[in-house]
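Visitor: Got a predicted structure plus its sequence, pasted below:
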Amino acid sequence: MASPLKQIAVLAVVAAAGAWAASQYLAPAEEAGGGGRRGGGPGSVVVAETRAGEVERAVSAVGSGRALRSVELRVEEDGRVADLLFAPGDLVAEGAPLLRLDDQTERADLAEAEAALAEAEAAFERAEALREQGRVTDASFDSAEAARARAAANAERARLAVSRRVLRAPFDGVIGFTDVEVGAYLTRSEVIAVIDDLAFVDADFTVPERHFGEV
């Protein structure tokens, strides 16, 4: 069993070691905190008046736009391009001529049909006057009337053939790119250009699922 003197010596050594460790722990804290307080000095406080307002949150997304109406332009009849009346990017109005095919043959047919119509109308007027005088039979009058109707139908068909040689805008819109040049031969199956109605545009895009409740 150790003597009382030896026990007292051991306790003294332990107490000295504890005091040294405490001094090593407390010294940095006192230096950092200042004034002997641990945890630092007083914190900064920002004061502002509370106000009501709206908070806007923007979510960025990548998507694609689609015109309200979009049509591929094609000619109604095969033929050679005589006039190109638009340029890519042009804003055109509904009914505006965009392209004209060679129509010499059609215009010649129209001139012939209109001449035949004029002749048939003159013959009908003579038959009508003679009928009032009782100098023509009903059969002859009916024949003149039918001939005039046929001539009018032929003339209208010839006018339609001429009009079909002109490509017109189906609605107000913007013309896209084209490879067509004056002198090119076009068929009804070829796409000349695309016209887009950009008065309204549909936008397709995706956003993360976490934003669904906010959109």
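Guide: Received it, and whenever you're ready, just let me know what you need.

Visitor: Now for residue 165: which residues touch it?
Guide: Contacts for residue 165 (Cβ atoms under 8 Å, 6 or more residues apart in numbering) come out as 77, 79, 100, 101, 102, 103, 106. Where C-beta positions appear, they are placed from N, C-alpha and C, glycine not excepted.

Visitor: Spatially nearest residue to the fourth one, not counting backbone neighbours?
Guide: It stands for residue 101. Using Cβ to Cβ, 6 or more residues apart in numbering and skipping the chain neighbours, the partner closest in space to residue 101 is residue 79 (3.5 Å).

Visitor: and that neighbour, how many neighbours?
Guide: Residues lying near residue 79 (other Cβ atoms under 10 Å) number 21.

Visitor: which strand in the chain runs the most residues?
Guide: Looking across the chain with DSSP state E, the single longest strand is strand 193-205.

Visitor: Thought residue 100 was touching the residue nearest to residue 101, still the case?
Guide: No: judged on Cβ atoms under 8 Å, residue 79 makes no contact with residue 100 at a distance of 9.4 Å.

Visitor: Pick out the residue closest to the middle of this structure.
Guide: Centroid check for the chain by Cα atoms, centre = their mean gives residue 67 as the closest residue, at 3.2 Å.

Visitor: returning to what we had before: just list whatever residues bridge to the residue nearest to residue 101.
Guide: Residue 79 forms beta bridges with residue 186, as assigned by DSSP bridges.

Visitor: how far away is it from residue 107?
Guide: Residue 79 is 13 Å from residue 107, where distance means Cβ to Cβ, to the nearest Å.

Visitor: one step back: and the residue nearest to the centre of the chain, helix, strand or coil?
Guide: Recorded secondary structure, residue 67: strand (DSSP: H, G, I helix; E, B strand; the rest coil).

Visitor: ok, it - contacts?
Guide: When contacts are counted by Cβ under 8 Å, 6+ apart, residue 67 touches 173, 196, 197, 198, 201, 202.

Visitor: can you pull the contacts of the spatially closest residue to it that is not a sequence neighbour?
Guide: Computed as Cβ to Cβ, 6+ apart, the closest residue to residue 67 that is not its neighbour in sequence is residue 196, at 3.8 Å. Residues counted as contacts of residue 196 (Cβ under 8 Å, 6+ apart) are 67, 69, 70, 173, 174, 176.

Visitor: repeat for residue 203
Guide: By Cβ under 8 Å, 6+ apart, the residues touching residue 203 are 63, 64, 65, 66.

Visitor: could you redo the last one with a cut-off of 10 Å?
Guide: Listed by Cβ atoms under 10 Å, 6 or more residues apart in numbering, the contact set of residue 203 reads 61, 63, 64, 65, 66.

Visitor: pretty sure the first one is in a strand, no?
Guide: No: following the definition three-state DSSP, residue 61 is coil and is not counted among the residues of a strand.
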